[in-house]
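1. mind looking at a prediction? Sequence and model below.
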Amino acid sequence: MPGRAHPFEAEDRRRVTEAFSLLTASARVRRAPDLLCRACVDLLPVSGASISISGSSTVQALWCASDDTAARLAEAQYTLGDGPCQSALARAAPVLAPDLTAGPDARRWPVFAHQAVELGVRAVFSLPLGTGALALGTLDLYRDTAGPLSVRDLRIALLVRDAVTFAVLSLEAASSDAESADGSEVASWVDAAQADHVEVHQAVGMVMVQLGVDPDQALDRLRAYAFAHGHTVTEVAQEILARTLRLRPTGDDRPKGRGRLGDEGDGERS
């Protein structure tokens, strides 16, 4: 019957609620992001998880990751501007890719799928954080084996997504509360989580001025340079802000020097 409760629904909700309640009650705030990711992995049959926060439709910052593979997977999607995470943000709806080795998922994001498989990732499940049509970020889950989530696991994943959304909003609110006893600790990791996001925003602004392009075009240039040189958008942004790299108009790509990221492509070195 429509609307009939699943026999395990109450138990699943209790498990998720207890896990996140214990986390927020016992953990020092400074460790909250890492513990949130760990709780996601403990509650679900996945290999790893990451949480990314989005400040706009194009710029995103990695908030936490359960392991290096999860972090690299998130950065790869951001650098490419493509992948389940980007699709989930754009649609404000879950995007499930149970097999990146072949079939529709591999064809939908061919470059990302290739990079993911090279990292040992076979499946990715991206769930937008937030409510309604507004996504404030994503919870990204990966597995080293192909295959879909079961109906029950997907339900738990959505409960976990809701709990993560609440935790992110609560902790961000605490960071601006001067009366909070933990205010300084919250602010420390909030500032750290926003660092990469701010760097990319600033670099996009510099490229807009240098090339006379709009924000989306500027970010596309950052991504193109990063992809061509095998680096991340964040690394390229840091180089631009340090003024050791200057992107130039397409068609004038003769490098003037050698830098840490290489000396070929549509940028010049100082």
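-> That came through, no problem.
2. how about residue 125, secondary structure?
-> strand (DSSP: H, G, I helix; E, B strand; the rest coil).
3. again, but for the one 3 residues further on
-> With three-state DSSP as the basis, the three-state label of residue 128 is strand.
4. that one pairs with what?
-> On the basis of DSSP bridges, residue 128 is bridged to residue 138.
5. count of neighbours near it?
-> Number of residues near residue 128 (other Cβ atoms under 10 Å) recorded here: 25. All C-beta spots, glycine's among them, are computed from the backbone N, C-alpha and C.
6. now swap in residue 114 and tell me
-> Residues near residue 114, counting by other Cβ under 10 Å: 12.
7. just the strands in the stretch 151-270 of the chain please.
-> 245-247, 267-269 (DSSP state E, counting those that start in this stretch).
8. and the ones you listed, which one averages the lowest pLDDT?
-> Lowest mean pLDDT of these: strand 267-269, a mean of 58.
9. how many residues are close by residue 240?
-> 24.
10. got a pLDDT number for the nearest residue to it once chain neighbours are set aside?
-> The shortest distance from residue 240 to any non-neighbouring residue, by Cβ to Cβ, 6 or more residues apart in numbering, is to residue 203 (4.4 Å). pLDDT for residue 203: 82.
11. also the one 3 residues further on?
-> With respect to pLDDT, residue 206 scores 86.
12. then the one 10 residues further on?
-> In this model, residue 216 is scored at 76, pLDDT.
13. against residue 244, how distant is it?
-> When distance is defined by Cβ to Cβ, to the nearest Å, residue 216 is 25 Å away from residue 244.
14. same question for residue 165.
-> For residue 165 relative to residue 244 (Cβ to Cβ), the value is 38 Å.
15. the two: which has the busier surroundings?
-> residue 165 (20 against 15).
16. wait, the more buried one touches residue 136, no?
-> Yes: between residue 165 and residue 136 there is a contact under Cβ atoms under 8 Å: 7.4 Å.
17. same for whichever strand or helix holds residue 72, what does it pack against?
-> Using DSSP states H and E, residue 72 sits within helix 68-80. Counting contacts by 3 or more Cβ pairs under 8 Å, 6 or more residues apart in numbering; DSSP states H and E, helix 68-80 is packed against strand 48-54, strand 60-65, helix 84-91, helix 110-118, strand 137-143, helix 215-229, helix 233-241.
18. comparing the ones you listed, which comes out most buried?
-> strand 137-143 (a mean of 27; mean count of other Cβ atoms under 10 Å).
19. contact partners of it?
-> The set of residues external to strand 137-143 that reach it, using Cβ atoms under 8 Å, 6 or more residues apart in numbering, is 40, 44-54, 60, 63, 69-70, 73-74, 77, 84-85, 88-89, 116, 121-130, 157, 160-161, 164, 168.
20. thinking again about what came up before, roughly how far apart are the residue nearest to residue 240 and residue 108?
-> From residue 203 to residue 108 the distance is 29 Å (Cβ to Cβ).
21. follow-up on the earlier one: take the helices and strands packed on helix 68-80 and write them to CSV, including distance to residue 35.
-> Formatted as CSV, those follow (distance: least, Cβ to Cβ, whole Å):
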stretch, distance to residue 35
strand 48-54, 11
strand 60-65, 9
helix 84-91, 21
helix 110-118, 25
strand 137-143, 14
helix 215-229, 31
helix 233-241, 24
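22. compare the ones you listed and give me the one nearest residue 209.
-> helix 215-229 (9.0 Å; Cβ to Cβ).
23. report the angle between that closest one and helix 233-241.
-> Helix 215-229 runs at 100 degrees relative to helix 233-241, counting by axes from the mean of the first three to the mean of the last three Cα atoms, to 10 degrees.
24. give me the more crowded residue out of residue 203 and residue 108.
-> residue 203 (23 against 16).
25. isn't residue 240 up against residue 246?
-> Yes: judged on Cβ under 8 Å, residue 240 makes contact with residue 246 at a distance of 7.2 Å.
26. and the contacts of the helix holding residue 72?
-> The contact list for helix 68-80 (Cβ under 8 Å, 6+ apart) reads 37, 47-50, 52, 60, 62, 65, 83-86, 111-112, 115-116, 119-121, 124, 140, 142, 223, 226-227, 231-234.
27. give the buried residues for it.
-> Within helix 68-80, the residues that count as buried by 16 or more other Cβ atoms under 10 Å are 69, 70, 71, 72, 73, 74, 75, 76, 77, 78, 79, 80.
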